[in-house]
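Novice: heads up, no residue letters with this:
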């Protein structure tokens, strides 16, 4: 195992070990929180959120230094280990991240597990700010009987297995069955179904691991059912992934036209993207596209909720899933599934759970809600703690939209202590994520604003509130930030949305 690089220096001396960049004395607007030292910022996690945070800080603060910490030996997080191997275009963002990492003001420190190898309190003592962008590293469990049976896996672990994530390389799924059931109807569910059914000769052209490719070559899986609690109007996958499934070579989709009765009229009022997606589902159900006599099939089972994983007669592995038949209460995307009292059994030899992600606690000093799998927050806004409130959206492009900062504003104050600086680069982002939908672009530094506020896109300066021991707070509808200087530095920030990254910031 490679040596733990965090042990190579004394934390309290870290800010003094880095020489200031060449050049003239910085102006006031370039300062972070002191007149003498460039800001040293620690980013925990090297996935898209972490790298976009680093990229934004380096671009908008010319003196900032960013260290990116990652528990894996290699960077890029879900871009490397979560994107399907047959989607190389999505991975092109690695080129941008690589340019960021090559900056002489950025350093990557792999094989360091924050919370195990180094405490968050040590990082806070060594840096001006610490950004926690370590993401949602765990999966939501089904919490039904039989979930522990051999042959039941999380989709997250299965994706990690075929992408070479070290913690999942020993997964060894048994693909000797003819039917697999995927519980959940999001993009990850369709990714997994597509990999199971794609001819191995097509996967040979991708960067899938050799070990996974060898197992898939021997796979006997011919049918994949993708099961959802609700109906066609509530599916979470996107039209791109659906088209790929419909066009998958050598396969035929199976959709029940009865699931789409009455939808033709209802989809006229839904948003355009949802309308196009539902229309494609409807055509697929009624026109039955696909290859006649195809050796492999896949289908969407709507209005079904997993109730129990059924064991084989000897109890040694999974043999099926008992599904509760549901009906919708409410309308549109807000409709919820309610059981009807009926059940049905779906025979299968492989079950993959794809019902969402959750975060893990990173450090005892950071509060964590184990039931919800989040750091406690209110509508995504947190006080005194970093935000890991939301899981991944499944689209790298969506994460870039978190560079937009929501536009509500309002003052708030808190007692002296650690401060949070929201940076619009978390994993959920602003609602809408585009101008005109409650979000505005981070513009970089504002004349007279403190450097850290400017790095997050401070919108304005309020000199009347300057000086003293005023600190950043996020109560109510707004977010404010200041440093411990006497100069006017209380900057008004746009209010963050759920999932925004949060900085621990020290007053100097």
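Specialist: Alright, I've got the coordinates. Keep in mind the model is a prediction, meaning the values are calculated, not measured.
Novice: contacts and neighbour counts: CA atoms only from here.
Specialist: OK.
Novice: For the helix or strand hosting residue 224, the averaged confidence score.
Specialist: Secondary structure here is read from DSSP states H and E; on that basis residue 224 sits in strand 223-227. Averaging pLDDT along strand 223-227 yields 98.
Novice: List the contacts of the helix or strand following it.
Specialist: Sequence-wise, the next helix or strand downstream of strand 223-227 (DSSP H and E) is helix 239-246. Under the contact criterion Cα atoms under 8 Å, 6 or more residues apart in numbering, helix 239-246 has outside partners 187, 190-191, 194, 252-253, 276-277, 280, 284, 289-290.
Novice: May I see the residues you listed arranged in JSON lines, with neighbour count, pLDDT and distance to residue 160 as well?
Specialist: What follows is the contacts of helix 239-246, written out as JSON lines (neighbours: other Cα atoms under 10 Å; pLDDT from 0 to 100; distance: Cα to Cα, whole Å):
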{"residue": "187", "neighbour count": "21", "pLDDT": "96", "distance to residue 160": "15"}
{"residue": "190", "neighbour count": "21", "pLDDT": "98", "distance to residue 160": "15"}
{"residue": "191", "neighbour count": "22", "pLDDT": "97", "distance to residue 160": "12"}
{"residue": "194", "neighbour count": "22", "pLDDT": "98", "distance to residue 160": "15"}
{"residue": "252", "neighbour count": "23", "pLDDT": "94", "distance to residue 160": "27"}
{"residue": "253", "neighbour count": "23", "pLDDT": "95", "distance to residue 160": "26"}
{"residue": "276", "neighbour count": "15", "pLDDT": "96", "distance to residue 160": "31"}
{"residue": "277", "neighbour count": "20", "pLDDT": "96", "distance to residue 160": "28"}
{"residue": "280", "neighbour count": "15", "pLDDT": "96", "distance to residue 160": "30"}
{"residue": "284", "neighbour count": "19", "pLDDT": "93", "distance to residue 160": "31"}
{"residue": "289", "neighbour count": "15", "pLDDT": "58", "distance to residue 160": "31"}
{"residue": "290", "neighbour count": "19", "pLDDT": "56", "distance to residue 160": "29"}
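Novice: quick one: residue 264 is in a strand?
Specialist: No - counting by DSSP: H, G, I helix; E, B strand; the rest coil, one finds residue 264 to be helix, located in no strand.
Novice: Quick check, pLDDT for the nearest residue to residue 169 once chain neighbours are set aside.
Specialist: Nearest residue to residue 169, sequence neighbours excluded (Cα to Cα, 6 or more residues apart in numbering): residue 161, at 5.1 Å. Here the pLDDT value assigned to residue 161 is 97.
Novice: ok, back up a step: which other residues reach the strand holding residue 224?
Specialist: Residues beyond strand 223-227 that count as contacts (Cα under 8 Å, 6+ apart) turn out to be 178-185, 189-190, 193, 197, 296-302, 304-305.
Novice: in the stretch 51-200 of the chain, which ranges drop under the pLDDT threshold?
Specialist: Low-confidence segments of the stretch 51-200 of the chain, defined by pLDDT under 70, are absent; every residue clears the threshold.
Novice: now the end-to-end length of stretch 38-47.
Specialist: By Cα to Cα, to the nearest Å, the extent of stretch 38-47 from end to end equals 25 Å.
Novice: Tell me which of the contacts of strand 223-227 fall in helices.
Specialist: Where the contacts of strand 223-227 overlap with helices, as defined by DSSP state H, the overlap consists of 189-190, 193, 197.
Novice: want to throw those residues into TSV with distance to residue 248?
Specialist: Below are the ones in helices among the contacts of strand 223-227 laid out as TSV (distance: Cα to Cα, whole Å):
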residue	distance to residue 248
189	15
190	11
193	11
197	8
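Novice: residues near residue 258, how many?
Specialist: Taking other Cα atoms under 10 Å as the neighbour definition, residue 258 ends up with a count of 9.
Novice: My error: substitute residue 96 in the last question.
Specialist: Neighbouring residues of residue 96 were enumerated by other Cα under 10 Å; the total is 12.
Novice: and what of residue 269?
Specialist: Applying other Cα under 10 Å, we find 10 residues neighbouring residue 269.
Novice: okay, it: pLDDT?
Specialist: Turning to residue 269, the model gives it a pLDDT of 86.
Novice: same question, residue 460
Specialist: For residue 460, the model assigns a pLDDT of 25.
Novice: How about the one 4 residues further on?
Specialist: Each residue has a pLDDT score; the one for residue 464 is 30.
Novice: ditto for residue 3
Specialist: The predicted local confidence for residue 3 comes out at a pLDDT of 37.
Novice: same check, this time on residue 266
Specialist: The predicted local distance difference test score for residue 266 is 87.
Novice: Run through the residues that contact it.
Specialist: Going by Cα under 8 Å, 6+ apart, residue 266 touches no other residue.
Novice: Roughly how far does it sit from residue 78?
Specialist: Distance check for residue 266 against residue 78: by Cα to Cα, it reads 36 Å.
Novice: And for residue 268?
Specialist: Look at residue 268 and residue 78: by Cα to Cα, they are 36 Å apart.
Novice: Then residue 188?
Specialist: 12 Å.
Novice: Over to residue 366?
Specialist: For residue 366, the distance to residue 78 (Cα to Cα) stands at 23 Å.
Novice: So for these two, which residue has more residues nearby?
Specialist: For residue 366 versus residue 78, the count of surrounding residues by other Cα under 10 Å is larger for residue 78: 23 against 15.
Novice: Please name the residues that touch the more buried one.
Specialist: Applying Cα under 8 Å, 6+ apart, one finds that residue 78 lies in contact with 47-48.
Novice: Tell me the helix or strand right after the host helix or strand of it.
Specialist: Mapping residue 78 onto the secondary structure by DSSP H and E places it in helix 77-81. Heading C-terminal from helix 77-81, the first helix or strand you meet, by DSSP H and E, is helix 93-101.
Novice: So what touches that next one?
Specialist: By Cα under 8 Å, 6+ apart, the list of residues contacting helix 93-101 from outside reads 51-52, 54-55, 76, 79, 106-108.
Novice: go again using 10 Å as the cut-off
Specialist: Counting by Cα atoms under 10 Å, 6 or more residues apart in numbering, helix 93-101 makes contact with 46-48, 50-52, 54-56, 58-59, 66-68, 75-76, 79-80, 106-108, 396-397, all of which sit outside it.
Novice: list the buried ones in the lengthiest helix in the chain?
Specialist: If you go by DSSP H, the chain has its longest helix at helix 272-287. Along helix 272-287, these residues count as buried under the neighbour rule (16 or more other Cα atoms under 10 Å): 274-275, 277-279, 281-282, 284-285.
Novice: for the stretch 1-150 of the chain, what spans make up the strands?
Specialist: All strands of the stretch 1-150 of the chain, identified by DSSP state E, counting those that start in this stretch, fall at 40-44, 65-69, 106-109, 129-132, 138-139.
Novice: Any regions of the stretch 201-350 of the chain where pLDDT drops low?
Specialist: For the stretch 201-350 of the chain, the stretches with pLDDT under 70 are 288-292.
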